[in-house]
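1. Provided below are the primary sequence and the corresponding predicted coordinates.
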Amino acid sequence: MLKYVAGAKPGKKLPTTERKSSNDYEKSRKRDFQGKWLNIYPWLKYENNVMYCSVCRVQSMKTKQHESLAFVKSTDNFKLESVKQHDDSIVHKRYIEIGEAKSQPSCKSKAAEALRTLHESQHNSLAIKFRTAHALAKTHMSFRTYSTICVLDEAKGLDVGVNYRNDKAVASFTKAIATVVQRTTVEKLKNTQFCSFTIDGSTDFTGDDLENIYIRTVHSGRVEDTFLHIGCAESGSSKHIHEHVKEVFAKLHITDEMQSKLVGFTADGAANMQGNKTGLATLLKAEWPHLVATHCLAHRLELAFKDAV
């Protein structure tokens, strides 16, 4: 351009100085560890002029993995950016989760929570089935209707599960309920000073003769009659019924309780129960001389009614 301008002369060339690039500046820059980072990142440790991640180092030693990471070994690259990158890394977050899970009580862990949720769901479905079993037993309904009731509960939106939905299951549930109730009755017996028992015969649909045993106890001035046991004696003789009663006491582990607390016995007026020579009352009095044997008032009323009509 200057050649086209009259009298124009080129200017002097100024000396130039070398300018350092940003990379060269970063390489030569000396960085110091910032103590405030320790408050921001609790996992960060600073020792002997190096920093490292305490969580990743411990977990890496246990798993034998990621041992070559800078924050596992240690680093003197005191850049906030590198600290942030490690804090956001997948490995670090995973090790943090493992550490937190192990530091918590086992009952509060995620696995325990998942198991608790599963158990709660199973518990709720079993509770529904147990209530159904109890209702069938109380109303003398056939166990064969149990599966139909489960289908009906499911149609109502209740979660009854897919297991324990046959007549064998409901029989097991009923037996379990009976065991718990029987245990409660035994506890009543152990917490009373005196007791008596009533026995009466019955027949089931198969024709077997059954013996029903009830216990009478007193608690805080309140008299309570509670069903204790039903079962078959070898025969209807007083001897076999007496043996059956003793076996029931032994089976329920209340022999000692009955030995010290039994004061009364009640049954109908049949010879095998109230006979003066070989009746059950006589056999019991041989072991409990103080025993008061009573002819059941309900049976006496029934006999009186029959005589009246």
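-> Everything's here; your move.
2. tell me which element residue 33 falls in.
-> Using DSSP states H and E, residue 33 sits in no helix or strand.
3. Can you report how many residues lie near it?
-> Residue 33: 15 surrounding residues under other CB atoms under 10 Å. Glycine gets a C-beta too; all of them are placed from N, C-alpha and C.
4. Give me the nearest residue to residue 263, chain neighbours excluded.
-> Among residues not flanking residue 263 along the chain, residue 194 sits closest, at 4.9 Å (CB to CB, 6 or more residues apart in numbering).
5. wait, what's in contact with the one you found?
-> By CB atoms under 8 Å, 6 or more residues apart in numbering, the contact set of residue 194 is 218, 261, 262, 263.
6. so where's the stretch 101-250 of the chain uncertain?
-> Applying pLDDT under 70 to the stretch 101-250 of the chain flags the ranges 104-118.
7. what about the helices in it?
-> Using DSSP state H, counting those that start in this stretch, the helices found in the stretch 101-250 of the chain span residues 110-138, 146-155, 167-190, 238-251.
8. Deepest-packed of those helices, please.
-> Highest mean neighbour count among those (mean count of other CB atoms under 10 Å): helix 238-251, with a mean of 18.
9. helices and strands around it, which ones?
-> Applying 3 or more CB pairs under 8 Å, 6 or more residues apart in numbering; DSSP states H and E, one finds that helix 238-251 contacts strand 195-203, strand 209-219, strand 222-231, helix 255-261, helix 271-274, helix 280-287.
10. so can I have JSON lines of these showing mean neighbour count and distance to residue 42?
-> As requested, the helices and strands packed on helix 238-251 are arranged in JSON lines below (neighbours: other CB atoms under 10 Å; distance: least, CB to CB, whole Å):
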{"stretch": "strand 195-203", "mean neighbour count": "18", "distance to residue 42": "66"}
{"stretch": "strand 209-219", "mean neighbour count": "16", "distance to residue 42": "59"}
{"stretch": "strand 222-231", "mean neighbour count": "14", "distance to residue 42": "62"}
{"stretch": "helix 255-261", "mean neighbour count": "14", "distance to residue 42": "62"}
{"stretch": "helix 271-274", "mean neighbour count": "18", "distance to residue 42": "81"}
{"stretch": "helix 280-287", "mean neighbour count": "17", "distance to residue 42": "75"}
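11. among these, which is nearest residue 185?
-> Among these, strand 222-231 comes nearest to residue 185, with 4.8 Å by CB to CB.
12. Look up how far residue 64 lies from residue 71.
-> Per CB to CB, to the nearest Å, residue 71 is found 17 Å from residue 64.
13. List the buried residues for the particular helix or strand that has residue 83 in it?
-> Residue 83 is part of helix 80-88 when elements are defined by DSSP H and E. The neighbour-count check on helix 80-88 (16 or more other CB atoms under 10 Å) flags 83, 86, 87 as buried.
14. quick revisit: need the helices of the stretch 101-250 of the chain in TSV (columns: distance to residue 303).
-> Output for the helices of the stretch 101-250 of the chain, formatted as TSV (distance: least, CB to CB, whole Å):
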stretch	distance to residue 303
helix 110-138	30
helix 146-155	41
helix 167-190	30
helix 238-251	20
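15. which one of those helices lies closest to residue 79?
-> Of all those, it is helix 110-138 that lies closest to residue 79, at 34.4 Å by CB to CB.
16. picking that back up, would you turn the helices and strands packed on helix 238-251 into a markdown table with distance to residue 97?
-> Formatted as a markdown table, the helices and strands packed on helix 238-251 follow (distance: least, CB to CB, whole Å):
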| stretch | distance to residue 97 |
| --- | --- |
| strand 195-203 | 60 |
| strand 209-219 | 55 |
| strand 222-231 | 55 |
| helix 255-261 | 56 |
| helix 271-274 | 72 |
| helix 280-287 | 69 |
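17. closest one to residue 175 among these?
-> Among the helices and strands packed on helix 238-251, the nearest to residue 175 by CB to CB is strand 222-231 (12.6 Å).
18. Run a quick neighbour tally on residue 290.
-> Counted with other CB under 10 Å, the neighbours of residue 290 add up to 8.
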